[in-house]
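Novice: need a 3D model of the following:
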Amino acid sequence: MSKKKLAFIIGVAVIVVIIIAAFSVLYLPTMLPRATTLSVSPSTFTVYSTESIALVASVTSDGITLTGSNIVWKADTGIFDKNVGSSVIYKAPEVSTETKVTITVEFPGEGPYQPSKVTVTGTILPKPATSTVLTIVPSTFEITSGEQISLRAEITPKDAPIDIVKWSLEGPGTLSSTSGPTTTYTSPTVEVETTVKIVAEFPGTKEYGKSMAEVVGKILPKGVAVRKATTLTVTPSTFTVTASGEVTLTAELKDVDGNVLTGKTVNWVLEGPGSLSSTIGLTVTYKAPPEVKEETVIKIKAEFSGDKDCLPASAEVVGKITTMPSIAEYAYQMEFEKIIFKNVKIEGSISMLGVKATKISGETAEIKNLLLKPMGLKSEDSTFQKFEIYTIDLTGQSPELGEKLQITGEQQISLTKDTLTIEGGQAKIIYIVADAVKLNKPELVGKHVGGDEPYIPVIVTAHSVVLKEGYFLEGPKTYEELVNKVNKLTAGKVEATDFTFTYPEKYSLDRSSNEFSYTGVWKLSSSKLTGQKILIYLIYFEAKYGGITVRGTGEDTASQIIPHGFNSGYESPPLPDAGTHAVYFSADSLDLEKLVLQITP
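Specialist: Modelled structure (predicted):
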C-alpha cells in the first residue's frame with residue numbers, strides 16, 4: 001500500500017472519529033443518568049381511625065414532570081387502594097390510641113431517570129365519639145302548688161343508652177328518680193310564684209359524647225290559672241342527605257295530655273349550611289347545599305313561643321350532609337366498535353364528582369355501534385358535536401398511535417390530536433355534555449327482572465311534545481311476556497323540549513291505581529329532541545289535554561281514555577308535561593341539542 005493511500009485512509013478515519021465524537025457530545029445528555037425528585041402531597045396528614053385520604057405523587061427532573069411514572073407505595077400500617085400509581089387512596093386502620101404511620105413512596109427509575117424516594121408521615125386519631133342531643137319533654141311547665149308532673153328524657157341518636165341519664169333538681173320539691181329516662185317532679189306548697197330548674201345529663205360513653213338539657217318550671221299558688229305544658233315533635237327527628245338533597249320536616253304541637261293543638265305558630269331556625277323553604281308553618285323543606293367537601297352536621301330548631309293558654313315548646317332536628325357515594329360505582333359502561341375524534345384533547349387527572357377522571361373534549365366524535373349500559377341504549381351510528389366526556393377508564397386500539405390505549409382517571413395525560421381513532425373500545429363514563437348529538441337507529445330496551453312487572457322501563461319525560469307526520473297510540477298490545485299489557489305508540493316524527501331518559505335502579509308500578517315509584521340513577525337530558533319514525537312499547541303514559549291530566553297503563557284502551565280522539569292523527573297538539581314508561585324504544589334517528597348524560601345516585 002502506498003504511503004499516499006495510507007495517509008488518505010488515516011485521514012478519513014480521523015474525520016469519522018471526529019464526527020462520531022461530535023454527535024456523541026450532542027446525544028450525551030440523553031444517555032447520561034438524570035437525577036429525579038419525588039414529592040408527595042400532602043407531605044404530612046392527620047386522619048381518624050378507618051378513614052381515607054388521597055395522596056398524589058409527582059416525579060420531576062430538571063423541572064420537567066415525568067407523567068405516567070410507576071411510583072410504588074408502601075405503608076407500615078393501613079392499606080392502599082393500589083400500590084402502584086401517581087395517586088392512591090390510603091385507608092387508616094382502626095385504632096384506639098393515637099398512632100403514627102410512615103408511608104414510603106419510591107420511583108424505581110426508568111430509562112436515564114434515576115430512582116428517587118420520599119417518606120410521608122401521618123397521624124391516625126381514634127374516631128371521636130358521636131355527638132348527642134338530649135331534650136326533656138315537656139321543655140317547660142307550670143303547675144299549681146303541691147301538684148306533680150312527669151318528665152321524659154329523649155336523646156339523639158336513638159340508639160344511645162338513655163338509661164344512664166342522671167337527673168338533678170335546683171329548687172324546692174322532689175324528684176321520684178335521679179336516674180333513667182323518666183322522673184316525676186312533686187312541687188311543694190307555695191304562697192308565691194316559685195321557679196325551679198331540673199337538669200338531665202347524659203354522661204357519655206366511648207361511642208357517644210356527653211350532652212345535657214334543662215327544663216325551667218313555675219310553681220303557682222293554688223287558685224292561680226296555669227298554662228298548659230306543650231310538646232313539639234318534628235318528623236323525622238334525624239336525617240341524612242347528600243349534596244342538593246331535600247327532606248321535608250313536619251312539626252306537631254300537643255298539650256301535656258297528648259291533644260294536638262291547632263292554630264298555633266311554629267317558627268324554624270337553621271344552624272348550618274343549606275336553606276329552608278320557609279321559616280314559619282308546620283311543614284318546611286330543607287335543601288342541602290349543592291356541594292359538600294366533607295360530612296357536615298346541621299341543626300334545625302322548631303319553636304312555639306307560647307300564648308296565653310299554652311307554654312312554649314321547642315324541638316331540635318340534627319341532620320347530616322354526607323358526601324356523594326362514589327360515582328365510580330354507577331359509571332356508565334360504554335362499548336363501541338370505533339370512535340373517530342376530531343380536534344380532540346385528552347387531559348387528566350381531573351377531579352370530577354369526587355373521583356379522578358380523564359377529560360376528553362373536541363369538535364366531533366363519530367361513534368360506530370354504540371352500546372351504553374346499564375341504560376341499554378344502542379345506536380348504529382352516533383355523532384357528538386362540541387363535546388366533553390369524563391371517563392374513569394378508557395381502553396381501545398388506536399391506529400394513529402399504533403398502540404393500545406388504556407387511560408385511567410388517575411393517569412396524568414395531555415394529548416392533542418387533529419384526528420384520533422379508537423377501535424374495539426370500552427369506557428367507564430361518569431359525565432358527558434355535548435352541543436348536539438345525532439343517533440342513527442337508536443334503540444332502548446328495558447331490563448328484564450321478572451316478577452309481576454318483569455321489566456325496568458326507561459322513564460321518558462318532556463316539558464312539551466308534538467307528534468307529527470302521523471301518529472297512533474293503540475292498545476292493549478303484547479310485548480314479549482307482557483301479553484295485552486302494553487300500549488304501542490308510533491309516530492312519523494316527534495319534537496320534544498326539555499326531554500329526559502331516566503333509567504331507574506328500582507321501579508314499581510301499581511296498574512290498578514296508576515301509581516308508580518322509582519329511584520333514578522342514570523339520566524340523559526336534552527333541551528330539544530327531534531326523532532324520526534318512533535316506536536315505543538309502554539306500560540304507563542301521562543299527558544295533559546286542555547289542562548286535564550290523563551294517565552293510563554298498558555292495559556288501558558288508549559282511545560277510551562284520551563279525549564277527542566287524540567290517540568291518533570296526523571299531528572298532535574302540543575302535549576305539556578308528557579311522559580311514558582317505555583320497555584322498548586326505537587327510532588330511525590334522534591337529534592338532540594345540549595345533551596347532558598349524568599349519574600344521580
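Novice: packing partners of the lengthiest strand in the chain?
Specialist: Counting residues, the longest strand in the chain under DSSP state E turns out to be strand 515-545. Contact partners of strand 515-545 among helices and strands, from 3 or more C-beta pairs under 8 Å, 6 or more residues apart in numbering; DSSP states H and E: strand 458-479, strand 482-510, strand 548-553, strand 575-586, strand 589-599. For the C-beta atoms, the positions are set from N, CA and C on the backbone; glycine is no exception.
Novice: how far off strand 548-553 does the longest one point, in degrees?
Specialist: Same thing as strand 482-510. Comparing the axes of strand 482-510 and strand 548-553 via axes from the mean of the first three to the mean of the last three C-alpha atoms, to 10 degrees yields an angle of 120 degrees.
Novice: pairing partners for strand 482-510, with directions?
Specialist: strand 458-479 (antiparallel), strand 515-545 (antiparallel) (DSSP bridges).
Novice: buried residues in it?
Specialist: 482, 485-489, 491-497, 499-504, 507, 509 (16 or more other C-beta atoms under 10 Å).
Novice: about what we covered before: out of the strands paired with strand 482-510, nearest to Thr178?
Specialist: strand 515-545 (48.3 Å; C-beta to C-beta).
Novice: measure Lys91 to Lys528 for me?
Specialist: Separation of Lys91 from Lys528 (C-beta to C-beta, to the nearest Å): 46 Å.
Novice: can you give me the end-to-end distance of stretch 110-118?
Specialist: 17 Å (C-alpha to C-alpha, to the nearest Å).
Novice: Thr553 against Glu542, yeah?
Specialist: No - shown here, Thr553 and Glu542 do not form a contact pair, counting by C-beta atoms under 8 Å, at 10.1 Å.
Novice: could you dump the strands paired with strand 482-510 to JSON lines with distance to Thr279?
Specialist: Shown next, in JSON lines, are those (distance: least, C-beta to C-beta, whole Å):
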{"stretch": "strand 458-479", "distance to Thr279": "31"}
{"stretch": "strand 515-545", "distance to Thr279": "31"}
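Novice: turn those strands into a markdown table, including mean pLDDT, distance to Val247 and mean neighbour count.
Specialist: Listed next are the strands paired with strand 482-510 as a markdown table, based on pLDDT from 0 to 100; distance: least, C-beta to C-beta, whole Å; neighbours: other C-beta atoms under 10 Å:
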| stretch | mean pLDDT | distance to Val247 | mean neighbour count |
| --- | --- | --- | --- |
| strand 458-479 | 88 | 23 | 19 |
| strand 515-545 | 86 | 16 | 19 |
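Novice: out of those strands, which comes closest to Pro273?
Specialist: strand 515-545 (24.8 Å).
Novice: just want the angle from the closest one to strand 575-586.
Specialist: Inter-element angle recorded for strand 515-545 and strand 575-586: 120 degrees (by the same axes, to 10 degrees).
Novice: can you give me the offset of strand 515-545 from its chain's centre?
Specialist: Offset of strand 515-545 from its chain centre (C-alpha atoms, centre = their mean, to the nearest Å): 23 Å.
Novice: before we move on, what about stretch 383-394?
Specialist: On C-alpha atoms, centre = their mean, the centre of stretch 383-394 falls 20 Å from that of its chain.
Novice: repeat for stretch 160-175
Specialist: On C-alpha atoms, centre = their mean, the centre of stretch 160-175 falls 43 Å from that of its chain.
Novice: got the buried residues for that stretch?
Specialist: Using 16+ other C-beta under 10 Å as the test for burial, stretch 160-175 gives Ala160, Ile162, Ile164, Val165, Trp167, Gly173.
Novice: about what we covered before: of the strands paired with strand 482-510, which is nearest Ser52?
Specialist: Per C-beta to C-beta, nearest to Ser52 of the strands paired with strand 482-510: strand 515-545, 23.6 Å.
Novice: what's the angle from the closest one to strand 589-599?
Specialist: Using the same axes, to 10 degrees: strand 515-545 against strand 589-599 is 140 degrees.
Novice: state the distance from Lys477 to Glu110.
Specialist: Taking C-beta to C-beta, one finds Lys477 at 63 Å from Glu110.
Novice: ah, wrong one, I meant Glu347
Specialist: The value you get for Glu347 to Glu110, if C-beta to C-beta is used, is 22 Å.
Novice: what about the strands in the stretch 51-200 of the chain?
Specialist: 52-61, 64-65, 72-75, 79-80, 87-91, 99-107, 116-125, 133-137, 140-144, 148-156, 166-170, 174-175, 182-186, 194-202 (DSSP state E, counting those that start in this stretch).
Novice: and the third one, what does it pack against?
Specialist: Read that as strand 72-75. strand 87-91, strand 99-107.
Novice: pLDDT averaged over it - what is it?
Specialist: Averaging pLDDT along strand 72-75 gives 94.
Novice: neighbouring contacts of that strand?
Specialist: Applying C-beta atoms under 8 Å, 6 or more residues apart in numbering, the contact partners of strand 72-75 are 55, 57, 80, 82-85, 88, 90, 101-108.
Novice: quick one, domains of this structure?
Specialist: Per automatic domain parsing, the structural domains of the chain span 37-125, 129-226, 234-323, 327-435, 442-599.
Novice: just the endpoints, please. Distance across the first one?
Specialist: When you say that, I think you mean domain 37-125. Termini of domain 37-125 sit 31 Å apart (C-alpha to C-alpha).
Novice: please apply the same query to the longest one.
Specialist: For domain 442-599, the separation between the terminal residues is 21 Å (C-alpha to C-alpha).
Novice: can you check which of the strands paired with strand 482-510 gets nearest to Thr36?
Specialist: Per C-beta to C-beta, nearest to Thr36 of the strands paired with strand 482-510: strand 515-545, 43.1 Å.
Novice: isn't Leu125 right up against Ser49?
Specialist: Yes - counting by C-beta under 8 Å, Leu125 does reach Ser49; the two are 6.9 Å apart.
Novice: who touches both of the two?
Specialist: Common neighbours of Leu125 and Ser49 (C-beta under 8 Å, 6+ apart) are Val95.
Novice: output the below-cut-off pLDDT ranges for the chain.
Specialist: Applying pLDDT under 70 to the chain flags the ranges 1-32, 54, 62-69, 324-326, 351-354, 545-547, 558-559, 561-567, 601.
Novice: where exactly do the strands run in the stretch 201-350 of the chain?
Specialist: Counting by DSSP E, counting those that start in this stretch, one finds strands in the stretch 201-350 of the chain at the ranges 211-220, 230-235, 238-242, 246-255, 267-271, 275-276, 283-287, 296-304, 313-322, 332-352.
Novice: what's the spacing between Ala587 and Phe336?
Specialist: 19 Å.
Novice: any idea how far Phe80 is from Gln112?
Specialist: To be clear, residue 112 is Pro; Gln isn't right here. Pro112 is 29 Å from Phe80, by C-beta to C-beta.
Novice: those two - which one has more neighbours?
Specialist: Phe80 (17 against 13; other C-beta atoms under 10 Å).
Novice: which one of the strands of the stretch 51-200 of the chain lies closest to Trp268?
Specialist: Nearest to Trp268 among the strands of the stretch 51-200 of the chain is strand 133-137 (16.4 Å), distances taken as C-beta to C-beta.
Novice: packing partners of the closest one?
Specialist: Helices and strands touching strand 133-137, by 3+ C-beta pairs under 8 Å, 6+ apart, are strand 148-156, strand 194-202, strand 211-220, strand 313-322.
Novice: cutoff 10 Å now
Specialist: Judged by 3 or more C-beta pairs under 10 Å, 6 or more residues apart in numbering; DSSP states H and E, strand 133-137 is in contact with strand 148-156, strand 194-202, strand 211-220, strand 230-235, strand 313-322.
Novice: could you export the helices and strands packed on strand 515-545 to TSV, including columns for distance to Ser179?
Specialist: Putting the helices and strands packed on strand 515-545 into TSV (distance: least, C-beta to C-beta, whole Å) gives the following:
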stretch	distance to Ser179
strand 458-479	54
strand 482-510	46
strand 548-553	58
strand 575-586	57
strand 589-599	50
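Novice: for Ser314, find the nearest of those.
Specialist: The nearest among the helices and strands packed on strand 515-545, by C-beta to C-beta, is strand 482-510 at 37.5 Å.
Novice: so how far is that closest one from its chain's centroid?
Specialist: Taking C-alpha atoms, centre = their mean, one finds the center of strand 482-510 at 25 Å from the center of the full chain.
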